[in-house]
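**Q** dropping a prediction and its sequence here:
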Amino acid sequence: MALGTPRAVEAPGLPRILGPIRPRARWNELRLLGLVAVTLVVGSLSLGATLSGRFGLYDARGLAIYLGALLVAHLAQVLAGRRTDQVLLPAVALLGGVSLLLMERLPQDLVVQTFFGRTFGLADVQLTWLVCAIGVATTLGIVVRSDSWLRRYKYTWAAAGVGLLLLTFVLGTEINGQRLTLQVGPLSGQPSELLKVILVVFLAGYLSENRGLLVEQDTRVGPLRLPPVPYLAPMVAMWAIALGIVVVQRDLGAALLFFGVFLALVYAATGRISLVLIGIVLFLLGSAAMANLFEHVRTRIDVWLDPFGDPLGSGYQVIQALHAFARGGLLGMGLGGGLPMIAGRPPIPEIHTDFPLAALGEELGIVGVVAILGIYLVIVQRGLRIGVAAADDFRSLLAIGLALVIGIQAFIIAAGNLEVLPLTGVTLPFISYGGSSLMANALVIGLLLALSDKGVEPPPPPGVLPRWRRLARRGAA
Amino acid sequence: MDGFTLVLWAVRLIFLALLYLFLARVIRDLLRDLRAAAREPVERPGRLVVLESPAGEPPVGRSFGLDVITALGRDVNNAIVIDDPFASAEHAMLTYRGRNWYLEDLGSTNGSYVNGHPVAGVAALGYGDEVQIGQVRLRLERA
């Protein structure tokens, strides 16, 4: 019979398009994720014990769903077998888990959304977004194997971004005096979150192509030596866009973030500190003019300089945040121990979006806050490392820019919470409540994961320009 | 202080400690990664040595480490800038594919030469071969 007969036919392999896929173990990631799971379980115990007075997990179902999603994300990456970064997912997972613990303990009616007749509170909605974010980041990390769709269409992306910005200028809904939210039917989102990713893609493309020209110095302004004038135009345009965002959208945070990322990328691409200094001077001049011209900017700066000048009005939130940090002290009040309600409301109205760091400062103390900020540093380090190891300038600048977007955004809002900078309304990445913010940051992490895989597709040779550009250049030569 | 409060304090401290344990583990991984990268030698498949350069840029004797893809030409965005009046802005591309070297002329005005022969499209070359771009002659050598 069939005994001893050699196997004649090989089982058909996967379709060729996908290529041979071999699972590859990711032990570092699994170990770190295990540590994240233990940390979150202990945190949940601490929260449950403080809030209910006996030991038990607080909202075990939510935690189980979150950890399950992480496990699925890990297994999917193992099966895909790409050699991508193993630290990013655990770092983001820990931030997301802290966010989940925080949202579970805030009053659930801060956000209420109704889907199919069922009502979901703050923690449920945040959990849903967190799981989606992990899904998006993992999918991008597995699927994206080529960057030509970003590299080649950078001007298209830039145009889409400007279009999105103008759309928000015109059609945006005004909430708390800021025109940030774009509402299309039942969907609403904050385009500026997506815009920061588009900005990085465009800048990486533009700077990697014109790097040589920006390093050249043939314009002299007094003691300064500058790149050729036409190549300064994007700098001025960027400055104008940032100021436009302040004027029309009244969004100081996004303006600061965009301009900060822009300057950091210019520095990364050219290594010339003079460009950065000029940018900072321009920005300070612009800000000074804005502060004189516009009421909302002046209020922010006045509150920053002296929050106790109007303790019950404009300075109220900032003072409450400072009190929260003060109550937290060194070790904090413990998860669930902070924030005594004032008349049934938390004292800081926007605690779930703008002030999560104040809440964490109160509950985990400075020790906990430093650890959280350390995790952001880890994410930035990973991005810079991926950028250094990248195969060409575009990938390098893209990775550096993506990492810095997260780092600078975390810095701006943390500094705002702590009264180091004027308070602005950007979110704390992965911790603040909000779908747009989580999705955009998941996009960033997904792209970083994809970029960290070395040796997939070599970048196209630098000479492959559109035909008309090649002809134009030859004409010039 | 009753037992419950004590245990609760312990749990809170353990949570903070775990945050730092996570950071410590991550940083250990990062350091390991950086050390491995520092040990890894930078692999260059070859280099180009300038043999003759009437315009003086690049100077004679200069050696360029090559990447898998190296662009040559007069434009400053090229990996090897050849500032010679007879070189085009984007003159030629040197690529290393599957253990072989190829020189591709990018439609330059005065053409590229390998060992004195003009390159039509793409030409294969080996170590020791001479490349001429404009008036500049370069020799491909093992790194």
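**A** Looks like it came in fine.

**Q** quick check: which element contains B:Y20?
**A** Here B:Y20 is covered by helix B:3-39, with elements defined by DSSP states H and E.

**Q** so who does the residue nearest to B:L21 when sequence neighbours are not counted touch?
**A** Spatially, and ignoring its direct neighbours in sequence, B:L21 is nearest to A:L35 (6.6 Å; C-beta to C-beta, 6 or more residues apart in numbering or on different chains). The way it works is simple: take the backbone N, C-alpha and C, and place the C-beta from them, glycine included. Going by C-beta atoms under 8 Å, 6 or more residues apart in numbering or on different chains, A:L35 touches A:P90, B:L18, B:L21, B:F22, B:R25.

**Q** pretty sure the first one is in contact with A:G34, am I right?
**A** Translated: A:P90. No. A:P90 is beyond contact range of A:G34, at 9.1 Å (criterion: C-beta atoms under 8 Å).

**Q** the more surrounded of those two?
**A** Just comparing A:P90 and A:G34: by other C-beta atoms under 10 Å in any protein chain shown the higher neighbour count belongs to A:P90, 27 against 13.

**Q** could I get the contacting residues of that one?
**A** A:E29, A:L32, A:L33, A:L35, A:V36, B:F22, B:V26.

**Q** now the fourth one: which helix or strand?
**A** Which is A:L35. Following DSSP H and E, one finds A:L35 within helix A:27-52.

**Q** can you give me the strands in chain B?
**A** Applying DSSP state E to chain B gives strands spanning B:46-52, B:63-66, B:69-73, B:80-81, B:92-97, B:100-105, B:112-114, B:117-118, B:122-125, B:130-133, B:136-141.

**Q** so what strands line up beside the first one?
**A** For strand B:46-52, the pairing partners within the sheet under DSSP bridges are strand B:63-66 (antiparallel), strand B:136-141 (antiparallel).

**Q** what comes into contact with it?
**A** B:58-66, B:70, B:80, B:94, B:96, B:101, B:127, B:130-131, B:135-143.

**Q** just for the chain, where's the confidence low?
**A** Because you didn't say which chain, this covers chain A. A:1-20, A:116-117, A:173-180, A:182-188, A:212, A:215-227, A:235, A:339-346, A:454-477 (pLDDT under 70).

**Q** my question was about chain B, not that one.
**A** B:1, B:41-43, B:98, B:143.

**Q** 90 instead, please
**A** The model of chain B has pLDDT under 90 over residues B:1-9, B:33-49, B:51-71, B:74-85, B:89-90, B:94-102, B:104-111, B:114-130, B:134-135, B:139-143.

**Q** may I ask you to confirm that B:P59 is in contact with B:S53?
**A** Yes. Between B:P59 and B:S53 there is a contact at 6.5 Å, judged by C-beta under 8 Å.

**Q** who has more neighbours, these two?
**A** B:S53 (20 against 9).

**Q** quick check: that one touching B:V60?
**A** Yes. Using C-beta under 8 Å, B:S53 is in contact with B:V60, at 5.3 Å.

**Q** chain center to stretch A:77-96: distance?
**A** The chain centroid and the centroid of stretch A:77-96 are separated by 16 Å, computed with C-alpha atoms, centre = their mean, to the nearest Å.

**Q** and if you look at stretch A:324-343?
**A** That offset, for stretch A:324-343, works out to 27 Å (C-alpha atoms, centre = their mean).

**Q** okay, buried residues for it please.
**A** Within stretch A:324-343, the residues that qualify as buried by neighbour count (16 or more other C-beta atoms under 10 Å in any protein chain shown) are A:324-325, A:327-328, A:331-339.

**Q** between those residues, which sits nearest A:I431?
**A** A:L335 (13.7 Å; C-beta to C-beta).

**Q** which residues touch the residue nearest to the closest one when sequence neighbours are not counted?
**A** Sequence neighbours aside, A:L47 is the residue nearest to A:L335 in space, at 4.2 Å (criterion: C-beta to C-beta, 6+ apart). A:L47 sits next to A:Y58, A:L101, A:E104, A:R105, A:L335, A:G336 when contact means C-beta under 8 Å, 6+ apart.
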